[in-house]
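J.: Pasting the sequence and the predicted coordinates here, then a few questions.
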Amino acid sequence: MYILGFHGGRKREDEDNRVGFELHDSAAILIEDGETVAAIEEERLSRIKHTNNFPLQAIKYCLGQRKINLQAVDWIATNFEESVVDFWAKLNYLDFPALQAPSDAKGFVAHLFEREFGVNVSDKIRFCKHHLAHAWSAFSPSGFDRALILVLDGEGDNRSGMVLVGEGEKITKLREYSIDQSLGEFYTQVIKLLGYKRFDEYKVMGLAPYGNPNTYAKLFERFYTLLPDGGYFLESPINWFGWFDQAGLLNQSRRKGEPFTQSHKDIAAALQTTLEKIVFHILEHYREATGMKRLCLSGGVAHNCTMNGKILYAKMFDDMFVQPAAHDAGGAWGAALQVLNEEKPAARPPKMQHLYLGTDIGNDSVIGSTLARWKGVIAYEWHDNINEKAAQLMADGAVLGWVQGRSEFGPRALGNRSILADPRPPGNKLLINQMVKKREEYRPFAPSILAERLRDFFDVPPGDTDLSSMIYVVYVREDKREQLGAITHVDGTARVQTVSRQTNPKYWDLIREFEKLTGVPILLNTSFNNNVEPIVDSVEEAITCFLTTGINYLVVGNYLASKKEFDLSTAAYRPFVPSLPPSRRLVKRRGLVAGGRSEIIYELDSTMSYFFSQPLIELSPAAFAFLERVDGKRSIGEILGDAGIIEEDAVKHVLQQVADMWTKRALVLRPVKAGLPDYVKKMIRT
């Protein structure tokens, strides 16, 4: 039996999707006879961070893993209540007068699949309540027979949370929390004072340890009231910001890019503490009311790793499991797991072992052929002991891009699509930020440690809680903090990942080789991407990120790659073929400029809202003329000639803009013989 779970909106990548905020983190998963065989977020394939588009590429990838078509799928599950989707269908009818009749929920979803696959799947569609899907995504893979389940997020199905109990093959709802009680929305709204927006919540979690929560404790206590029986009341956002204004904090709010004041840090600390107080209030009541000794967490709020660590240290529960893909992408998994439970209750999957469920980079032959296409700008060589070589390079101070096996499902790089470095020198934090991330200096990097050495370096409560998914913040042992300067946060903590020899033997062996050289069984691990793109998925994307950042070396499979001396203006790049992603479009319009003059403005626009993409890139007339001729077939050199851009300064200017767009991932560059990426070819064949 095949069950396809999906989460996502109704728009295609090339359709205008700039208005509003319709869902986020589109994804697809495939379950075969109880086993999850494939799971990937659409962003990894479309290269649009947090995309809310229909997960077409993700669905094709999942089907391709078992070489099946949509007709072979028994059930298609989505993580929204049928009545809610039915309402969306009616709104769609009102928004598009060309539609002859309103659709119901099944017809609405079936149309999305029929448009892309030409198959009517209306009899296969199943709906799962949003927070119940989150609950199944946590309880089913937890390995627990009985557990308390807490789901908290921003919003879904007109609710913001749910408390449940899982027992064997059954999950029972105990309580719902309304949208007015949304802790996810509360966090997201308050961080606007700090110059942040949705999807930046994790940055504030890292800022909080620099602040004093007591500074604004009295102010934040006005925002909520703890009620009996695990209830709570949140004041409205109108009141929050009114009180912020009275306290003079609106006038002190940070704009993006500005430095942080101590007041900003204190707001972050008070916000984090407020969240923890409310969550602990809920858990304390329901632990006593249910007698449950194990806990499962999911929903976007469960990505607050600091909060998760606090729960772990509080020892309220004998064991706990946090769904690593706790956000809405994981809801696709939960919806499929609910259908599995309904159809085959005895087929509950075993405890989750790993998240390596995405695209495979292929064998050495495939990797070598991909690297060969880029030989004009990179040098590479095969090593029979690549781990030993890579460990030596890191011990000598190098920063590596590391790409192996199948990509990880969820928001964390767990050793298959990672940037790695020595965890000891404090300067490595600044170095990697300068090389790649371009992010705030205060933000910590995470450690990966051999699972069997965890307690030698970290103070972790006794028990068997799984720390393999980088979802808990724990304390670095006090006698190790100075030694681990690159991964120890200001409060002595780290967001740790344990690495098992059973689930990722190659990454385990790399860390072991590093330990032989340094005595430290730990590596600094951060996601392999720059600050504008999702984590790399394919070898080609890894090469692109490598070439457009300061990373020293790239390791893919058993190959080690280094950069040749180059810049975009060199002859080596002239044969490269540029193409525009489907989500990008050229715009020429008349507008006002400085001095009130009206003139033609040239831009590269996006089909996506600013939540998901940099919406506009300003272009010079020459760069616009260049991009008008981009067709995905001709080389940079050919297009420059066709556009009549031959004067040296003009060529240099256009190539600088091309380099900028490539770095921002608004333009794709490939060697002339590269053609489509291998995973795209595979999906097309499927």
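T.: Good, I have the coordinates.
J.: Next one: residue 455 from residue 524, what distance?
T.: Shown here: residue 455 relative to residue 524, a distance of 20 Å by CB to CB, to the nearest Å. (C-beta placed from N, C-alpha, C; glycine too.)
J.: Have a look at those two and say which one is more surrounded.
T.: A count of neighbours by other CB atoms under 10 Å puts residue 524 above the other of residue 455 and residue 524, at 26 against 11.
J.: So what sits opposite that one in the bridge?
T.: Beta-bridge partners for residue 524, by DSSP bridges, are residue 421, residue 447.
J.: wait, it sits on residue 420?
T.: Yes: here residue 524 reaches residue 420: they are 6.5 Å apart, a contact under CB atoms under 8 Å.
J.: Next, residue 267: secondary structure please.
T.: Classification of residue 267 by DSSP: H, G, I helix; E, B strand; the rest coil places it in helix.
J.: How many neighbouring residues does it have?
T.: 30.
J.: Ok, residue 28 next?
T.: 30.
J.: ok, and the closest non-adjacent residue to residue 260?
T.: Nearest residue to residue 260, sequence neighbours excluded (CB to CB, 6 or more residues apart in numbering): residue 254, at 6.5 Å.
J.: what sits against the one you found?
T.: Taking CB atoms under 8 Å, 6 or more residues apart in numbering, we find residue 254 in contact with 193, 194, 195, 260, 261, 264.
J.: Please apply the same query to residue 303.
T.: Residue 303 neighbours (CB under 8 Å, 6+ apart): 201, 202, 326, 327, 411, 471.
J.: ok so, going back, only the buried subset of the contacts of residue 254, as a PyMOL command please.
T.: Buried members of the contacts of residue 254 can be picked out in PyMOL with the line below, counting by 16 or more other CB atoms under 10 Å:
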select buried, resi 193+194+195+260+264
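J.: what's the farthest-apart pair in the contacts of residue 303?
T.: The distance between the two most remote of the contacts of residue 303 (CB to CB) is 14.3 Å, for 201 and 471.
J.: When these two are compared, which one has more neighbours?
T.: Applying other CB under 10 Å to residue 201 and residue 471 shows that residue 471 carries more neighbours, namely 26 against 21.
J.: Can you pull the domain assignment for this protein?
T.: 2-78+82-127, 140-330, 357-563, 576-670 (automatic domain parsing).
J.: So for the third one, first residue to last residue, what's the gap.
T.: In domain 357-563, first residue to last residue: 30 Å (CA to CA, to the nearest Å).
J.: quick check: mean pLDDT across that domain?
T.: Mean pLDDT, domain 357-563: 96.
J.: What of stretch 203-218?
T.: pLDDT averaged over stretch 203-218 gives 97.
J.: And for stretch 60-75?
T.: 98.
J.: Endpoints of it, how far apart?
T.: Stretch 60-75: ends 15 Å apart by CA to CA.
J.: Kindly report the same for stretch 555-574.
T.: End to end - CA to CA - stretch 555-574 spans 26 Å.
J.: Pull out the buried residues from it.
T.: Within stretch 555-574, judged by 16+ other CB under 10 Å, the buried ones are 555, 556, 557, 558, 559, 560, 561, 568, 569, 572, 573, 574.
J.: can you check stretch 505-518 too?
T.: 506, 507, 508, 509, 510, 511, 512, 513, 514, 515, 518.
J.: element containing the most centrally placed residue in the chain?
T.: The residue lying closest to the centre of the chain (CA atoms, centre = their mean) is residue 411, at 3.4 Å. Assigned by DSSP states H and E, residue 411 belongs to no helix or strand.
J.: tally of neighbours for the nearest residue to residue 130 once chain neighbours are set aside?
T.: Distances taken as CB to CB, 6+ apart place residue 156 nearest to residue 130, at 3.1 Å, with adjacent residues excluded. Neighbours of residue 156 under the rule other CB under 10 Å: 28.
J.: Residue 156 pairs with what?
T.: residue 159.
J.: who's in contact with it?
T.: Contacts of residue 156 by CB under 8 Å, 6+ apart are 79, 80, 130, 131, 134, 328, 331.
J.: Can you get me the start-to-end distance on stretch 4-16?
T.: Stretch 4-16 has its terminal residues 27 Å apart, counting by CA to CA.
J.: pLDDT averaged over it, what's the number?
T.: Taken as a whole, stretch 4-16 carries a mean pLDDT of 94.
J.: which parts of that stretch are buried?
T.: So for stretch 4-16, counting by 16+ other CB under 10 Å, buried means 4, 5, 6, 7, 8, 9, 10, 11, 12, 13.
J.: Isn't the second one up against residue 79?
T.: Just to be clear, that refers to residue 5. Yes: with contact defined as CB under 8 Å, residue 5 reaches residue 79; the gap is 7.5 Å.
J.: Quickly list what's touching both of the two.
T.: 332, 334, 335.
J.: Looking at these, which are in strands?
T.: Nothing among the shared contacts of residue 5 and residue 79 maps onto strands, per DSSP state E.
J.: re earlier: which of the buried residues of stretch 4-16 sits closest to residue 501?
T.: Using CB to CB, these come closest to residue 501 at residue 5, 30.3 Å.
J.: In contact with the closest residue to residue 162 other than its chain neighbours: list those residues for me.
T.: Nearest residue to residue 162 in three dimensions, chain neighbours excluded: residue 131, at 3.9 Å (CB to CB, 6+ apart). Residue 131 sits next to 151, 153, 156, 157, 159, 161, 162, 176, 299 when contact means CB under 8 Å, 6+ apart.
J.: try it again with 10 Å
T.: Neighbour list for residue 131: 79, 81, 149, 151-153, 156-157, 159-164, 173, 176-177, 298-299, 331, 334 [criterion: CB atoms under 10 Å, 6 or more residues apart in numbering].
J.: can you pull the pLDDT of residue 682?
T.: As predicted, residue 682 sits at a pLDDT of 41.
J.: if we can go back for a sec, the contacts of residue 303 into a markdown table, with extra columns for secondary structure and distance to residue 639?
T.: Output for the contacts of residue 303, formatted as a markdown table (DSSP: H, G, I helix; E, B strand; the rest coil; distance: CB to CB, whole Å):
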| residue | secondary structure | distance to residue 639 |
| --- | --- | --- |
| 201 | helix | 42 |
| 202 | helix | 40 |
| 326 | coil | 45 |
| 327 | coil | 40 |
| 411 | coil | 37 |
| 471 | coil | 46 |
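J.: what's the closest of these to residue 270?
T.: residue 201 (14.9 Å).
J.: Report the separation between the closest one and residue 185.
T.: Per CB to CB, residue 201 is found 11 Å from residue 185.
J.: which neighbours do these two share?
T.: Shared contacts of residue 201 and residue 185, defined by CB under 10 Å, 6+ apart, comprise residue 154.
J.: hmm, back to that, check whether the residue nearest to residue 162 sits in a helix, strand or coil.
T.: helix.
J.: Helix or strand: which one has residue 517?
T.: helix 505-518.
J.: Restrict that helix to CA atoms and write it as PDB.
T.: Output in PDB follows, covering the C-alpha atoms of helix 505-518 (Å, rounded to 0.1, in the frame of the first residue of the first chain):
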ATOM      1  CA  PRO A 505      28.600   5.600   9.100                       C
ATOM      2  CA  LYS A 506      30.500   7.900   6.800                       C
ATOM      3  CA  TYR A 507      29.800  11.000   8.900                       C
ATOM      4  CA  TRP A 508      30.600   9.000  12.100                       C
ATOM      5  CA  ASP A 509      33.900   7.900  10.600                       C
ATOM      6  CA  LEU A 510      34.800  11.500   9.600                       C
ATOM      7  CA  ILE A 511      34.300  12.700  13.100                       C
ATOM      8  CA  ARG A 512      36.300   9.700  14.400                       C
ATOM      9  CA  GLU A 513      39.200  10.700  12.100                       C
ATOM     10  CA  PHE A 514      39.100  14.200  13.400                       C
ATOM     11  CA  GLU A 515      39.200  12.900  16.900                       C
ATOM     12  CA  LYS A 516      42.300  10.900  16.100                       C
ATOM     13  CA  LEU A 517      44.100  14.100  15.100                       C
ATOM     14  CA  THR A 518      42.700  16.500  17.800                       C
END
